[in-house]
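S.K.: Quick one, fold the following:
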Amino acid sequence: MRTVVTTAAPQVEIVVPVFNEQAALETCVRRLHRFLTSEFPFSWRIVVADNASTDTTPAIATALAAELPGVRVLRLERKGRGRALRAAWSASDARVVAYMDADLSTDLRALLPLVAPLLSGHSDVAIGTRLAHGARVVRGPKRELISRAYNVLLHTVLRARFSDAQCGFKAVRAQALPSLLAGVSDDGWFFDTELLVLAQRRGLRIHEVPVDWVDDPDSRVDVVATALADLGGVARLLVASPLVRFAGVGVASTLAYALLFLLLSGALATGAGAANAVALALTAVANTAANRRWTFGVRGRRERVRHYLLGGVVYVLTLALTTGALASLHAIDASPARGVQVAVLVLAGLAATATRYVALKSWVFARMVRERRAAGVS
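M.R.: Numbers count the residues shown, from 1 in each chain. Reported below is the predicted structural model:
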């Protein structure tokens, strides 16, 4: 059975990014071509994305494209696996785009279960995983340790729910691709991780396929340099996460609240209860505005009045908590020092922070967050 389509848009396009792969490229492409021709039920295309190779890789790729139906070559003059995938995927007219490494470490029989949920519309992104139950992996202890440690880091720091970020075997549904690529800034090895984290944050469905995988002993990846770049990428995504942005706004609001309380209760001789209410009201307005723009990415006038009204309800709840904390303090000490009052109020405010985040995310800004996710905007 032959399913090669060269003139019409294929259902699946498989990109093979390469850099100086003259030793392995021909074997890889011919093996992949034979598999797709004889065993793959969907129309397909192979694109060799030559990533600024300096050996005979470009000539080999060109010769293969001239000989084998359904094979094309894309030449880039700058290095970076993410850059190669971005260029190839952006130019694709296929319903599903995928990629695999030139060493073909992953068993090709996993390709069909990888792309089928995307073609059916069941999922938006699909990844091969070497770390899920059912995967069979052959590799050295050093790479195994690094891979598992990296994914533990992603789960801990970025709250990733996917099991394997860097397996070179992934696919994306074309409809989800443009907004994802627009949101990914890395053009190197961290491209995969950033793409998956962004997809998760936008609520896209990520399908995982346990794979049979054999390590390539001839891999020329600089493990130390790649690890350092990945750590920098993790830090960047952490700072960009809604929770961290919310925490930053919360810290600034708390400092402003404490200063206003000291000013109102000290220099202006306002009572502790009134000072708390006024300071909290002023910072609550600023807090809602900052979270509206920076944490949840809501801009413009749409639903602004509604957001501030609902933010006012959250303010009332926080006011009740801090007022209760003040009353408890005064029951213990009728004339507490202002520093003690500030400390108690700050602690009460911190206790309300988690509730405030949940309320803002699931209630105040919930509708617009859902709309942004549906539109593919983080």
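S.K.: And the pLDDT at the residue nearest in space to the middle of the chain?
M.R.: The centre of the chain sits closest to Val197, judged by CA atoms, centre = their mean, with a distance of 1.7 Å. Looking at Val197, its pLDDT is 95.
S.K.: Could you list every helix and strand in contact with the helix or strand in which it is found?
M.R.: Assessed by DSSP states H and E, Val197 sits inside helix 191-201. When contacts are defined as 3 or more CB pairs under 8 Å, 6 or more residues apart in numbering; DSSP states H and E, helix 191-201 sits against helix 81-91, strand 125-129, strand 169-173, helix 177-183, strand 206-210, helix 223-239. Backbone N, C-alpha and C define where each C-beta goes, glycine included.
S.K.: which secondary structure elements does the second one contact?
M.R.: The one in question is strand 125-129. Judged by 3+ CB pairs under 8 Å, 6+ apart, strand 125-129 is in contact with helix 111-119, strand 169-173, helix 191-201, strand 206-210.
S.K.: I figured Leu111 hits Ala98, correct?
M.R.: Yes. Contact criterion CB atoms under 8 Å: Leu111 and Ala98 qualify, at 7.4 Å.
S.K.: anything in contact with each of those two?
M.R.: Among the neighbours of Leu111, those also in contact with Ala98 (CB atoms under 8 Å, 6 or more residues apart in numbering) are Ile14.
S.K.: These two: which has the busier surroundings?
M.R.: Taking other CB atoms under 10 Å, Leu111 and Ala98 do not tie; Leu111 has more neighbours (26 against 23).
S.K.: nearest to Leu119, of the helices and strands packed on helix 191-201?
M.R.: With CB to CB as the measure, strand 169-173 is the member of the helices and strands packed on helix 191-201 nearest Leu119 (8.1 Å).
S.K.: Which residues outside that closest one are in contact with it?
M.R.: Residues contacting strand 169-173 (CB under 8 Å, 6+ apart): 12, 89, 95-101, 106, 110, 114-115, 118, 121, 123-128, 180, 192, 195, 209, 211.
S.K.: Could you pick out the buried ones from those?
M.R.: 12, 89, 95-101, 106, 110, 114-115, 118, 123-128, 180, 192, 195, 209, 211 (16 or more other CB atoms under 10 Å).
S.K.: and the lengthiest helix in the chain, what does it pack onto?
M.R.: Ranked by number of residues, the top helix in the chain under DSSP state H is helix 304-332. Under the contact criterion of 3+ CB pairs under 8 Å, 6+ apart, helix 304-332 touches helix 272-290, helix 338-359.
S.K.: Kindly compare burial across these and name the winner.
M.R.: helix 272-290 (a mean of 19; mean count of other CB atoms under 10 Å).
S.K.: what angle sits between that helix and helix 304-332?
M.R.: 150 degrees (axes from the mean of the first three to the mean of the last three CA atoms, to 10 degrees).
S.K.: who does helix 272-290 touch, helix- and strand-wise?
M.R.: Counting contacts by 3+ CB pairs under 8 Å, 6+ apart, helix 272-290 packs against helix 242-262, helix 304-332.
S.K.: show me the contacts for Leu118.
M.R.: Arg95, Val96, Asp124, Val125, Ala126, Ala171, Val172, Arg173, His207.
S.K.: Check the gap between Arg130 and Arg81 for me.
M.R.: As judged by CB to CB, to the nearest Å, Arg130 and Arg81 stand 18 Å apart.
S.K.: of those two, who's got more company?
M.R.: Comparing Arg130 with Arg81 by other CB under 10 Å, the one with more neighbours is Arg130, at 26 against 23.
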